[in-house]
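*Asks:* here is a sequence together with a model predicted from it:
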Amino acid sequence: MTKAKHETLIDRCRESGLRITGQRRVILEVLDAASDHPDVEELHRRVGEIEPGVNIATVYRTMNKLAEHDLIERHMFDDGRLRYEPAPEEHHDHFIDVETGEVIEFMSDEIERLQEEIARQHGFEIVSHKLELYVKRRKTD
C-alpha cells in the first residue's frame with residue numbers, strides 16, 4: 001500500500017501543540033518517510049545517519065510523547081519488538097510474512113463489513129480493532 005498524500009507528522013504535532021525541536025524534527029521526518037514499521041532501535045539507527053547526536057533515550061521519549069497524543073500506532077507483532085507507524089488517516093490491517101518478517105498493509109471493505117455484522121449479531125459495537133494475519137508465500141509448482 002502506498003501512502004496517500006497526507007499531513008506530515010510535523011504538521012500533526014504542531015496541530016496537537018507539541019514543540020518541534022531539531023532532534024524531534026529529524027525523528028518525525030524519519031518515521032514519516034518509513035515504508036515499514038520500524039522499532040526504536042531501527043529508528044535510532046536511521047536518525048543517527050542524519051543527526052548523529054540524537055541518543056536512543058530521545059527516540060524513546062519522542063515515541064512515547066507521540067503515542068500519548070495518538071499521533072502514532074504501536075504494534076507488537078510476533079517478533080516481540082514494539083514497532084511504530086504514523087497513525088493512519090484511513091484504517092488498514094496487516095499481513096505479517098512469517099518467513100521474512102515483512103509487514104504488508106491492506107484494506108478490505110468486505111472484511112470491515114463482516115466484522116461489523118458479526119459484532120452486531122452478538123450484540124456488540126466495535127469501538128476499535130486491529131487485524132493481523134500471519135502469512136507465508138504459497139509455493140508454486
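*Replies:* Looks like it came in fine.
*Asks:* the helix or strand harbouring His94: what's the following helix or strand?
*Replies:* Applying DSSP states H and E as the criterion places His94 in strand 93-97. Counting by DSSP H and E, the next helix or strand C-terminal to strand 93-97 is strand 103-106.
*Asks:* for the helix or strand following that following strand, give the mean pLDDT please.
*Replies:* Counting by DSSP H and E, the next helix or strand C-terminal to strand 103-106 is helix 109-121. Averaging pLDDT along helix 109-121 gives 94.
*Asks:* and for stretch 16-31?
*Replies:* 93.
*Asks:* mind listing what's buried along it?
*Replies:* For stretch 16-31, burial by neighbour count (16 or more other C-beta atoms under 10 Å) applies to 18, 23-24, 26-31. Quick note: C-beta positions are derived from backbone N, CA and C, even for glycine.
*Asks:* summarise which helices and strands the strand holding His94 is packed against.
*Replies:* strand 103-106, strand 132-135 (3 or more C-beta pairs under 8 Å, 6 or more residues apart in numbering; DSSP states H and E).
*Asks:* what about the first one, distance to the chain center?
*Replies:* By that I understand strand 103-106. Counting by C-alpha atoms, centre = their mean, to the nearest Å, strand 103-106 is centred 10 Å from the centre of its parent chain.
*Asks:* partners of that strand in the sheet?
*Replies:* strand 93-97 (antiparallel) (DSSP bridges).
*Asks:* what angle separates the strand it pairs with from helix 109-121?
*Replies:* Angle of strand 93-97 versus helix 109-121, following axes from the mean of the first three to the mean of the last three C-alpha atoms, to 10 degrees, is 110 degrees.
*Asks:* list the buried residues in strand 93-97.
*Replies:* Buried residues in strand 93-97 (16+ other C-beta under 10 Å): 93-96.
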